[in-house]
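A.B. asks: I'll drop the sequence and a predicted model, then ask my questions.
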Amino acid sequence: MFKRLITAGLLFGMAAAAPPAFAGNCGLRNTVIERLQSKYSETLSARGLQGHQTSATMVEVWASEETGTFTVIVTSPQGVSCVVAAGTDWFQSTEEAQPEGTSS
């Protein structure tokens, strides 16, 4: 659950703060995705919608365990994707289950 909260916070926080910053890093979604896959070996890790249903944007995290890179993109209903964040040292965290009968 903690992983999902962090991912959701990252996705929606970056998307809310990003519009002025990502204007120069945009392209057609197919082109952006092809580049992420071919150059960085990234695959889709998380996705969600932001905004109202009629004008929602799609927020996605693409990451590669092989290269350790990650990219956060926002895609408009018109199919234009913009990179809002990118980085290195990506890792997938797993939530450790507490055995029954132990205090949390």
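C.D. replies: Arrived safely, thanks for sending. Numbers count the residues shown, from 1 in each chain.
A.B. asks: secondary structure element for the residue nearest in space to the middle of the chain?
C.D. replies: Nearest to the geometric centre of the chain sits residue 61, at 1.9 Å (CA atoms, centre = their mean). Taking DSSP states H and E as the criterion, residue 61 maps to strand 57-63.
A.B. asks: which element follows that strand toward the C-terminus?
C.D. replies: Next in line after strand 57-63, if elements are assigned by DSSP H and E, sits strand 70-75.
A.B. asks: The strand holding residue 61 pairs with which strands, parallel or anti?
C.D. replies: Looking at strand 57-63 with DSSP bridges, its partner strands are strand 43-50 (antiparallel), strand 70-75 (antiparallel).
A.B. asks: So for the last one, what gets flagged as buried?
C.D. replies: By neighbour count, and taking 16 or more other CB atoms under 10 Å as the criterion, the buried residues in strand 70-75 are 70-75. For glycine as for every other residue, the C-beta is placed from the backbone atoms N, C-alpha and C.
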